[in-house]
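Enquirer: got a predicted structure here, sequence first:
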Amino acid sequence: MKKEKTQHMKRILMERVLVLQESIDRSLQGLRQGNGVSPDLYDLAVTEADTSMELAISEQNRLRLISLREALVRMENGRFGICESCGEPIPRKRLLANPVAQVCVVCKAREEKPGC
Ligand SMILES: [Zn+2]
């Protein structure tokens, strides 16, 4: 991949990292504030349900953040945009749609259809 294109992808990745980081921070803040209020017993069940929902969302975001960071590492190593399965360059369109993609569409399709 050309250097300037890599830079562009890097910016996209960094932006996504920031957005995710912010939303994780926000949900953590929400959790802390939730703990700060003294809920009476009647509200407790609702608060707990909210909390586990928040946790599930932030866990999802955390995993996405990890794959974004991994993509940035691959970029540093010069392996970004190369299919891990066949070693061919992953089309730019696919990377723009999914910057953390590690395999090309052909290999992805093969993975999803075992026995082909
Ligand atoms: Zn491939």
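Expert: Sure thing, it's come through.
Enquirer: hey, where'd the helices end up in this structure?
Expert: Counting by DSSP state H, the chain has helices at residues 3-36, 41-77, 92-97, 105-112.
Enquirer: minimum distance to the ion: which of those helices has it?
Expert: The closest of these to the ion is helix 105-112. By CB to the ion, the value is 3.3 Å. Backbone N, C-alpha and C define where each C-beta goes, glycine included.
Enquirer: dump the helices of the chain into CSV; add mean neighbour count as well.
Expert: Below are those laid out as CSV (neighbours: other CB atoms under 10 Å):
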stretch, mean neighbour count
helix 3-36, 13
helix 41-77, 13
helix 92-97, 14
helix 105-112, 13
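Enquirer: tell me which of these sits nearest to Cys86.
Expert: helix 105-112 (5.5 Å; CB to CB).
Enquirer: so what's the gap between that closest one and the chain middle?
Expert: Distance, stretch centre to chain centre, for helix 105-112: 20 Å (CA atoms, centre = their mean, to the nearest Å).
Enquirer: in contact with Val106: list those residues for me.
Expert: Cys86 (CB atoms under 8 Å, 6 or more residues apart in numbering).
Enquirer: what of Met9?
Expert: Met9 neighbours (CB under 8 Å, 6+ apart): 1, 75, 80-81, 95-96, 99.
Enquirer: got it, and Lys3?
Expert: For Lys3, counting by CB under 8 Å, 6+ apart, there are no contacting residues.
Enquirer: and the helices of the chain as CSV, adding mean pLDDT and distance to the ion?
Expert: As requested, the helices of the chain are exported to CSV (pLDDT from 0 to 100; distance: least, CB to the ion, whole Å):
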stretch, mean pLDDT, distance to the ion
helix 3-36, 84, 18
helix 41-77, 83, 15
helix 92-97, 92, 10
helix 105-112, 92, 3
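Enquirer: what about those helices, which gets the closest to Ser85?
Expert: The nearest among the helices of the chain, by CB to CB, is helix 105-112 at 3.9 Å.
Enquirer: adding distance to Ser85, write the helices of the chain out as CSV.
Expert: Compiled in CSV, the helices of the chain are given as follows (distance: least, CB to CB, whole Å):
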stretch, distance to Ser85
helix 3-36, 20
helix 41-77, 14
helix 92-97, 13
helix 105-112, 4
